[in-house]
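Q: quick one, structure for this:
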Amino acid sequence: MPSAAPPRRPDLRQHLEIETPEHVVLDYEIAGLGSRAAAALIDILILGGLALSSGILLAIMNRLGLSPGRLGGAVLILIGFAAWYGYFTLFEGLRGGQTPGKRRLGLRVVADTGQPAGIGAAAIRNLLRPADFLPPPYLLGALLVGLHPRAKRLGDMVAGTVVVRDRPQEDQVRLAPLPEEGIAAPELGDEEFRLLGSFLARSGELSPETRARLAEGLSTRLADALGRVEAPEGADLLARLAQLHADETDRRRGRMVSRGAGTGLGDQLAARQDERWREFQQLAMRVSAGGLDSLKAAELPDFAARYREIAADLARLRTYRAAAVTIRRVERLVAAGHNALYRDRERGLGRFWRLVARECPAAVIEARAYVLVAFLAFAIPAAVGYRVLRERPEVAAEVLPDVMLERAEVGTERVARGDRFVEVEAGGRAVAASGIIANNVRVAFYCLAGGIFLGVGSLVLLAFNGLQIGAAAGHFANAGLLAYLLEFILGHGALELFAIWVAGAAGFLLGKAVVAPGDLTRGDALVLAGRRAVRMIGAAVVCLLVAGLVEGFVSTSGLGWSGRFAASGITLLFLALYLASGIAWLATARPRAGWSASGWRAPRSPAAPSPSPDRSALR
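A: As a prediction, the model looks like this:
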């Protein structure tokens, strides 16, 4: 009887299979919750260490009388805010999908297509962190990573990314010379194997004389192979034929180890290509650390040629049913080459300028209907809040924060003295501006992230802020101080509010993709909405930077109405020119950049490299 195959241990790991432009399937192992949490902990410790080091350095400088001053303090506030929100985005977008924590744990963020995650995908992925964090600490994100078939949290779903295990240096242990013992190659031809199997299957139906005669004929035909069978002592001819069939079955399934030099085709290929794989391994590790720019001009085409060669080797190894450890080794090499060659090569200041100055305002123009909805979601509660406070002044203590109540109480005295709503001495305005910018940008990020909850989160944030501002205006109007409040808001208010509406509109885009994806799958609709939303947030951040500077340096100064009207006019002119840049971009560069009437399209996959001479084929 043929020997039973040994039971296989179930593989509970999640896998992602990607077909490259060379028509080779890459099998990534998806990172689990534990390794991702450990990588995140390392990154948080790094950020905490930087913050602690900065605090110690400032304390030492103050002790030595070397205080950075208020301007330096303002810069530090912005740097700290940018570091916290930009750390993950910049590392994942510009360093091949790896933060220091992910690199330490051998993890990488890649696109669903297997290509490296670009800066846009990294940005939207990390802007959704506030949604994944709910309820604290990170329970929703952890739950989704544990349950999603590709271990995706909300940010990954919107960005179209997945976190995979990818540590090329682990292959070092697999680069040792192949042992003499390898996977045994089949000894019988296909026809002989089928003939032997047919005989064994029908042997019980044959008469003893017929069975003995056919067995004798088979033993003569298969004498060489039968002579190498290790059968129990005293086994008859039929038992030895059954053992031969079992051994041949194991050979063909890649489970039987040969002794001596008789290895299978996959092992022969591995033996011939081992040195080439070692050389590519070294190049791949250099590129993984420093990108393609780390290669010399002469090495770049060689790297691409070697990648195509190894991709072909991987296809052959699978055809030859090579050992799993060999296939995994070459898969890692092909994945490293694929990630390096198929990444977005257009970087630098030119690309950044085009993105910020043209593509971001263009995304706002494309989503103007959503911006209108966001405006209404803000304006209607603002009007309601104003009306309620005008008719019922007594509810002010229940709906307004204490700081607004206190400012209204002292407002009459300040107006009598000629003071403004908020005044900051000249030396402290830089710090005020930096704090305002950081706070407003954070609100915009939260407004975007809330949209993933069917748009409800964005709606609630817009309505709440509208209600608060409307109620405050009503309360100050009741005290005869509405002009006193509006004088403060005049310079920066229009630009700041427009930016918040744009952020809310970006959140509504995400909510619409979840609720009504249209002809697309919900996943594809989310990814496309995320690409538009991240550009809209870019436009909102630009507006908030300008509004924050105006609020910090103009609105908190002693300027009168004329100066504030001038500041307001300048901000509105800036907004008009900024949106006009987006309109011009849509009109002139839409086909080249990938814009369509419905918004940003997914970029096409890069063309497959041209074939190169095959240096790895077995002759």
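
Q: all strands of this protein, in order?
A: 15-19, 25-29, 107-111, 161-165, 595-596, 599-600 (DSSP state E).

Q: quick one: closest of the ones you listed to G518.
A: Smallest distance to G518 across the strands of the chain (CB to CB): 11.7 Å, for strand 599-600. Every C-beta, even on glycine, is put in place using the N, C-alpha and C of the backbone.

Q: looking at the strands of the chain, which is nearest to V325?
A: strand 25-29 (13.5 Å).

Q: JSON lines for the strands of the chain, including distance to P149?
A: Compiled in JSON lines, those are given as follows (distance: least, CB to CB, whole Å):
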{"stretch": "strand 15-19", "distance to P149": "10"}
{"stretch": "strand 25-29", "distance to P149": "13"}
{"stretch": "strand 107-111", "distance to P149": "16"}
{"stretch": "strand 161-165", "distance to P149": "10"}
{"stretch": "strand 595-596", "distance to P149": "30"}
{"stretch": "strand 599-600", "distance to P149": "27"}
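
Q: for those strands, please prepare CSV with the additional fields mean pLDDT.
A: Listed next are the strands of the chain as CSV, based on pLDDT from 0 to 100:
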stretch, mean pLDDT
strand 15-19, 73
strand 25-29, 76
strand 107-111, 89
strand 161-165, 90
strand 595-596, 42
strand 599-600, 41
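
Q: out of those strands, the one nearest L94 is which?
A: Proximity to L94, assessed across the strands of the chain by CB to CB, is greatest for strand 107-111 (11.8 Å).

Q: could you tell me the angle between the closest one and strand 161-165?
A: 150 degrees (axes from the mean of the first three to the mean of the last three CA atoms, to 10 degrees).

Q: use 755 as the first number from now on
A: In the new numbering, first residue 755, that becomes strand 861-865.

Q: who are the packing partners of strand 861-865?
A: Counting contacts by 3 or more CB pairs under 8 Å, 6 or more residues apart in numbering; DSSP states H and E, strand 861-865 packs against helix 787-817, helix 873-881, strand 915-919.

Q: re the thing from before, closest to R1108 out of the strands of the chain?
A: strand 1349-1350 (12.8 Å).

Q: so which of the helices and strands packed on strand 861-865 comes closest to V1268?
A: helix 873-881 (14.4 Å).

Q: distance of D1001 from L942?
A: Distance, D1001 to L942, by CB to CB, to the nearest Å: 10 Å.

Q: contacting residues around the nearest residue to G1292 once chain neighbours are set aside?
A: Once flanking residues are discounted, G1292 sits nearest to C1114: 4.0 Å by CB to CB, 6 or more residues apart in numbering. Contacts for C1114 were tallied using CB atoms under 8 Å, 6 or more residues apart in numbering; they are 1289-1290, 1292-1293, 1296, 1336.

Q: closest to A1078 among those?
A: The closest of those to A1078 turns out to be R1289 (CB to CB; 43.6 Å).

Q: so how far is stretch 1194-1211 from its chain's centroid?
A: With CA atoms, centre = their mean, to the nearest Å as the basis, stretch 1194-1211 stands 18 Å off its chain's centre.

Q: so for it, what gets flagged as buried?
A: 1194-1195, 1197-1207, 1209, 1211 (16 or more other CB atoms under 10 Å).

Q: what packs against the helix ranked longest in the chain?
A: In the chain, taking DSSP state H as the definition, the longest helix is helix 1315-1347. Secondary-structure packing of helix 1315-1347 (3+ CB pairs under 8 Å, 6+ apart): helix 1114-1120, helix 1236-1244, helix 1247-1269, helix 1276-1304, strand 1349-1350.

Q: could you tell me the least trusted of these?
A: Among those, strand 1349-1350 has the lowest mean pLDDT, at a mean of 42.

Q: contacts only, for G827.
A: By CB under 8 Å, 6+ apart, the contact list for G827 reads 1184-1185.

Q: likewise V917?
A: V917 touches 784-785, 790, 856, 861-864, 905, 910, counting by CB under 8 Å, 6+ apart.

Q: then A1186?
A: By CB under 8 Å, 6+ apart, the neighbours of A1186 are 1178, 1305-1306, 1310.

Q: and those, which two are the farthest apart?
A: Every pair of the contacts of A1186 checked by CB to CB; the farthest is V1178 and E1305, at 10.3 Å.

Q: when those two are compared, which one has more neighbours?
A: E1305 (26 against 18; other CB atoms under 10 Å).

Q: is that one in contact with L1249, as I believe?
A: No: contact criterion CB atoms under 8 Å: E1305 and L1249 do not qualify, at 9.4 Å.

Q: this protein - how does it break down into domains?
A: As assigned by automatic domain parsing, the chain contains the domains 769-920, 944-1006, 1019-1095, 1118-1354.

Q: make JSON lines from these and add distance to W1107 to it.
A: Output for these, formatted as JSON lines (distance: least, CB to CB, whole Å):
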{"stretch": "domain 769-920", "distance to W1107": "14"}
{"stretch": "domain 944-1006", "distance to W1107": "60"}
{"stretch": "domain 1019-1095", "distance to W1107": "20"}
{"stretch": "domain 1118-1354", "distance to W1107": "11"}
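
Q: now for A896, how many residues are close by?
A: Using other CB under 10 Å, A896 has 16 other residues around it.

Q: kindly report the same for A1180.
A: Around A1180 there are 11 residues (other CB under 10 Å).

Q: quick check: it vs V1304, distance?
A: Using CB to CB, A1180 is found at 15 Å from V1304.

Q: one more: G1265?
A: 31 Å.

Q: what about those two, which has more around it?
A: Neighbours of G1265 and V1304, each counted by other CB under 10 Å, are more numerous for V1304; the result is 25 against 21.

Q: ok, for that one, nearest residue in space, not its chain neighbours?
A: H1246 (4.2 Å).

Q: correct me, but that neighbour touches T1310?
A: No: using CB under 8 Å, H1246 makes no contact with T1310, being 10.0 Å away.

Q: more neighbours: which of the two?
A: For H1246 versus T1310, neighbours defined as other CB under 10 Å are more numerous around H1246 (27 against 24).

Q: give me the pLDDT value at the more buried one.
A: The model reports H1246 with a pLDDT of 90.

Q: where does it fall, phi/psi-wise?
A: Backbone torsions of H1246, given as degrees, to the nearest 10, read phi -110, psi -10.

Q: how close does it get to L1221?
A: Taking CB to CB, one finds H1246 at 20 Å from L1221.

Q: quick one: contacts for Y782?
A: Going by CB under 8 Å, 6+ apart, Y782 touches 769-772, 864, 868, 916, 918-920, 1089.

Q: residue furthest from the geometric center of this protein?
A: Residue farthest from the centre of the chain, counting by CA atoms, centre = their mean, is E963 at 70.8 Å.

Q: state the distance from that residue to S1322.
A: 110 Å.

Q: show me what counts as buried in stretch 1311-1328.
A: Neighbour-count burial for stretch 1311-1328, with 16+ other CB under 10 Å as criterion, is recorded at 1311, 1313, 1318, 1321-1322, 1325, 1328.

Q: correction: the previous question concerned stretch 974-993.
A: 976, 979-980, 983, 985, 992.

Q: low-confidence bits of this structure, can you list those?
A: Within the chain, the stretches with pLDDT under 70 are 755-767, 774-778, 820-826, 921-941, 944, 985-988, 1005-1018, 1042-1045, 1097-1102, 1343-1373.
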